[in-house]
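J.: can't give you the sequence, but here's the structure:
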């Protein structure tokens, strides 16, 4: 893909990622505060309002003697963070300790460590955990940043029930990786990809034209949605309207089955590590993956490119799920001003520019849309182009009940084949049963 700065800027400006989902449901702890998450959440929001008023009058300053702990994933994120907190300490004189906790693990850890005053003051988490964190009263609203400085998608994705909580770090979706030593140009359509793979495949020697995690709903949803299937109605908010067994979803599931012609393996034989290894070895031409995979392939010396997902046989773009990474402030922190100041610092223009250079994760700040470090990067451009066709995951706690049944359904759909309709009907029934149980 050529370095077309103007086009990339246009793509970035039109990216529309609305609300996002929540994996987990409200957790309960031993303390009374956690046993009554609604009351805890209301107290947190009231305290934040009082602090905001004080902050408007005096400016946000760290508390005397403040010491902070911050959680983020190991690897490039952790390396960037350690350099960032050094700069923060130099500027504000606040000691900050980095503790490696995976951003997908932080919510569960905070449920016990937060009330016990052992949790990080600032921590990284996926956007889809916001509902659970808010319902449990574990995070402060973000009353520090200016929403107009960030992409609408980033603000909406890290908000819940009309309040903004996140300090956005990156936006991401998945796209098509291709080995430039095996193919000259990425396919425009899946029909082209299928035709290539039939000629390229050498299954006995573990050589494949195409791979993806075919049992993972996160990735396969792009096919269901590309045929007009959906999770919940009204842009993911109406949990009484489940569209995962609709006529469109069934057609998407049929296409899902069709791909087994070029990937004749069962779901148990296709996982992230397997396809990553084959791609690095030059035995896999096309792989659906996200920006988190970029560094690994670069380190392996693969000559690769990234392109938007090919068009489906119906002529539509696959509608991939999209997500937002962000930092959040622990409502149990002893130093809320210092913690908010750190979160604000980490989401600044300078720090997010450095983060992009270190991790390849695309920053959602509007004042970085024309930054040459981003606009000249063809890989970032490809992910952003796919993002304009993406759908944000539903931002309701009920989404937690979708993943298991749909994962089971996709495994059956791929491994056994047959009519997808009863398979999807059974998955939707399981989802409805789970939601009915939770509502009691």
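T.: Thanks, I have it. Just so it is clear, the structure is predicted and the values come from calculations on it, not from any experiment.
J.: and the nearest residue to residue 164 once chain neighbours are set aside, how many neighbours?
T.: Nearest non-adjacent residue to residue 164, counting by CB to CB, 6 or more residues apart in numbering: residue 142, 4.8 Å away. (Glycine included, C-beta is placed from N, CA and C.) A count of nearby residues for residue 142, using other CB atoms under 10 Å, gives 25.
J.: how close does residue 142 get to residue 250?
T.: 41 Å (CB to CB, to the nearest Å).
J.: could I get the full set of strands for the stretch 251-400 of the chain?
T.: 284-289, 304-307, 321-329, 391-392 (DSSP state E, counting those that start in this stretch).
J.: quick one: closest of those strands to residue 163.
T.: For those, proximity to residue 163 was assessed by CB to CB; strand 321-329 is nearest, at 12.3 Å.
J.: shouldn't residue 88 be in contact with residue 96?
T.: Yes - using CB atoms under 8 Å, residue 88 is in contact with residue 96, at 6.1 Å.
J.: overlap in contacts, those two.
T.: Residues touching both residue 88 and residue 96 by CB atoms under 8 Å, 6 or more residues apart in numbering: residue 342.
J.: what about this protein, any weak spots by pLDDT?
T.: Low-confidence segments of the chain (pLDDT under 70): 1-59.
J.: beta-bridge partners for the residue positioned nearest the centre of it, please?
T.: Compute the mean C-alpha point of the chain, and by CA atoms, centre = their mean the closest residue is residue 323, 3.1 Å away. Applying DSSP bridges to residue 323 gives these bridge partners: residue 172.
J.: surely it touches residue 172?
T.: Yes - under the criterion of CB under 8 Å, residue 323 makes contact with residue 172 at 5.4 Å.
J.: what sits against the closest residue in space to residue 191 that isn't next to it in sequence?
T.: Nearest non-adjacent residue to residue 191, counting by CB to CB, 6+ apart: residue 313, 6.2 Å away. By CB under 8 Å, 6+ apart, residue 313 lies in contact with 189-191, 255.
J.: between these, which is closest to residue 412?
T.: residue 255 (16.0 Å).
J.: surely residue 289 meets residue 178?
T.: No - the pair residue 289 / residue 178 is not scored as a contact, 10.9 Å apart, by CB under 8 Å.
J.: may I have the residues that are in contact with residue 209?
T.: By CB under 8 Å, 6+ apart, the neighbours of residue 209 are 193, 196-201, 262, 284-286.
J.: mind checking the SS state of it?
T.: With DSSP: H, G, I helix; E, B strand; the rest coil as the basis, the three-state label of residue 209 is strand.
J.: ChimeraX command for the buried members of the contacts of residue 209?
T.: This is how ChimeraX selects the buried members of those, with burial counted by 16 or more other CB atoms under 10 Å:
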select :193,196,197,200,201,262,284,285,286
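J.: turn the contacts of residue 209 into a markdown table, columns for distance to residue 385.
T.: A markdown table is the format used below for those (distance: CB to CB, whole Å):
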| residue | distance to residue 385 |
| --- | --- |
| 193 | 17 |
| 196 | 21 |
| 197 | 23 |
| 198 | 27 |
| 199 | 27 |
| 200 | 25 |
| 201 | 28 |
| 262 | 24 |
| 284 | 22 |
| 285 | 20 |
| 286 | 17 |
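J.: which ones among the contacts of residue 209 map onto helices?
T.: 193, 196-200 (DSSP state H).
J.: and those residues, which two are furthest apart?
T.: Going by CB to CB, the pair spanning the ones in helices among the contacts of residue 209 furthest: 193 and 199, at 11.3 Å.
J.: now the nearest residue to residue 215 once chain neighbours are set aside: how far from residue 374?
T.: Here the nearest residue to residue 215 in space, its sequence neighbours aside, is residue 267; by CB to CB, 6+ apart that works out to 3.6 Å. As for residue 267, its distance to residue 374 is 36 Å (criterion: CB to CB).
J.: which of those two has more neighbours?
T.: Remark: of residue 267 and residue 374, residue 374 carries more neighbours, 22 against 17, as counted by other CB under 10 Å.
J.: tell me who's in contact with the more buried one.
T.: 8, 356, 362-363, 368, 380.
J.: quick one, helices of the stretch 251-400 of the chain?
T.: Here the stretch 251-400 of the chain has its helices, by DSSP state H, counting those that start in this stretch, at 272-280, 294-299, 336-346, 349-359, 372-375, 378-387.
J.: what would these look like in a markdown table with distance to residue 130?
T.: Output for those, formatted as a markdown table (distance: least, CB to CB, whole Å):
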| stretch | distance to residue 130 |
| --- | --- |
| helix 272-280 | 25 |
| helix 294-299 | 26 |
| helix 336-346 | 14 |
| helix 349-359 | 20 |
| helix 372-375 | 25 |
| helix 378-387 | 19 |
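J.: is it correct that residue 302 is in contact with residue 276?
T.: No - the pair residue 302 / residue 276 is not scored as a contact, 10.1 Å apart, by CB under 8 Å.
J.: before we move on, the earlier item: among the helices of the stretch 251-400 of the chain, single out whichever gets nearest to residue 240.
T.: Of the helices of the stretch 251-400 of the chain, nearest to residue 240 by CB to CB is helix 378-387, at 29.0 Å.
J.: mind giving me the packing neighbours of that closest one?
T.: helix 5-14, strand 167-173, strand 175-179, strand 304-307 (3 or more CB pairs under 8 Å, 6 or more residues apart in numbering; DSSP states H and E).
J.: okay, now the sheet partners of the shortest one, with direction.
T.: Think strand 304-307. strand 175-179 (antiparallel).
J.: skipping adjacent residues, who's closest to residue 198 in space?
T.: Per CB to CB, 6+ apart, closest to residue 198 is residue 262, 6.1 Å.
J.: thanks a lot, catch you later.
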